[in-house]
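Colleague: have a look at this fold, sequence not included:
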């Protein structure tokens with residue numbers, strides 16, 4: 001019988017037998033790893049959802065900002081509109097009163113534009129032509145240095161430092177030199193060579 005006992009010890013355990021210790025220690029690290037993996041997956045999904053919600057919220061805020069970006073400018077322009085409507089409602093035949101009203105309305109408009117960051121582009125006769133701030137409409141012969149502003153046809157405006165509308169100007173060009181025997185660039189000199 002002593003031989004039977006060793007065989008029973010070496011035989012595989014019966015199903016449902018109470019010897020769970022070897023199985024628990026072998027499966028415990030695997031179960032812990034699976035639980036941690038599931039926790040990381042859930043945290044990743046939450047972070048992904050949070051990032052998506054933040055992106056959608058930012059897009060909605062940008063859309064709102066674009067939609068109502070001009071609100072402050074409009075608030076500043078409404079008194080100008082009120083002044084213009086009041087001027088049109090007047091039946092005054094006095095040109096001096098109309099002119100004074102127009103000048104006051106212009107000052108209101110300039111104030112509103114300045115609050116919005118709009119400024120006039122400086123373009124004066126004799127000033128160096130700047131192609132980034134001026135638009136040349138014509139080149140005219142003048143008694144001033146070439147490539148300078150000769151006359152301003154229409155004011156230009158900039159929003160902060162960005163040109164919204166360039167100043168329309170005429171530009172001075174050098175006076176034409178008369179063709180003749182003393183002119184080294186005359187057509188007659190070219191034909192004789």
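Modeller: Yep, that arrived. No experiment lies behind these values; they were computed from the predicted model shown. Numbers count the residues shown, from 1 in each chain.

Colleague: C-alpha from now on. contacts and neighbour counts both.
Modeller: Noted.

Colleague: which single helix of this structure contains the most residues?
Modeller: helix 21-67 (DSSP state H).

Colleague: next one: the helix or strand following it to chain centre, how far?
Modeller: Elements were assigned by DSSP states H and E; along the chain past helix 21-67, the next helix or strand is helix 71-89. Its chain's average C-alpha position is 28 Å from that of helix 71-89, according to C-alpha atoms, centre = their mean, to the nearest Å.

Colleague: one more: stretch 38-58?
Modeller: Relative to its chain's centre, stretch 38-58 lies at 29 Å (C-alpha atoms, centre = their mean).

Colleague: what does stretch 153-165 give?
Modeller: In terms of C-alpha atoms, centre = their mean, the centre of stretch 153-165 is found 17 Å from the chain centre.

Colleague: buried sites along it?
Modeller: For stretch 153-165, the neighbour count (16 or more other C-alpha atoms under 10 Å) marks 156-158, 163-165 as buried.

Colleague: and the longest helix of the chain, what other elements does it pack with?
Modeller: Judged by 3 or more C-alpha pairs under 8 Å, 6 or more residues apart in numbering; DSSP states H and E, helix 21-67 is in contact with no other helix or strand.

Colleague: flag the shaky bits of this protein, pLDDT-wise.
Modeller: Where the chain drops to pLDDT under 70, the residues are 1-27, 176-193.

Colleague: and residue 129, how many neighbours?
Modeller: 22 (other C-alpha atoms under 10 Å).

Colleague: cool, and the one 5 residues further on?
Modeller: The number of residues packed around residue 134, counting by other C-alpha under 10 Å, is 25.

Colleague: follow-up on the earlier one: what about the buried residues of stretch 153-165, which are in strands?
Modeller: Applying DSSP state E to the buried residues of stretch 153-165, the entries found in strands are 156-158, 163-165.

Colleague: quick one: which of those is nearest residue 131?
Modeller: residue 163 (11.2 Å; C-alpha to C-alpha).

Colleague: distance of the closest residue to residue 108 other than its chain neighbours from residue 87?
Modeller: On the basis of C-alpha to C-alpha, 6 or more residues apart in numbering, the spatially nearest residue to residue 108 that is not a chain neighbour turns out to be residue 80, at 5.9 Å. Relative to residue 87, residue 80 is positioned 11 Å away (C-alpha to C-alpha, to the nearest Å).

Colleague: higher neighbour count, those two?
Modeller: A direct count of neighbours by other C-alpha under 10 Å for residue 80 and residue 87 places residue 80 higher, at 21 against 16.

Colleague: I figured the more buried one hits residue 111, correct?
Modeller: No. Using C-alpha atoms under 8 Å, residue 80 is not in contact with residue 111; the gap is 9.8 Å.

Colleague: and whichever strand or helix holds residue 102, what other elements does it pack with?
Modeller: Using DSSP H and E, residue 102 sits within helix 95-115. Where contact means 3+ C-alpha pairs under 8 Å, 6+ apart, helix 95-115 is packed against helix 71-89.
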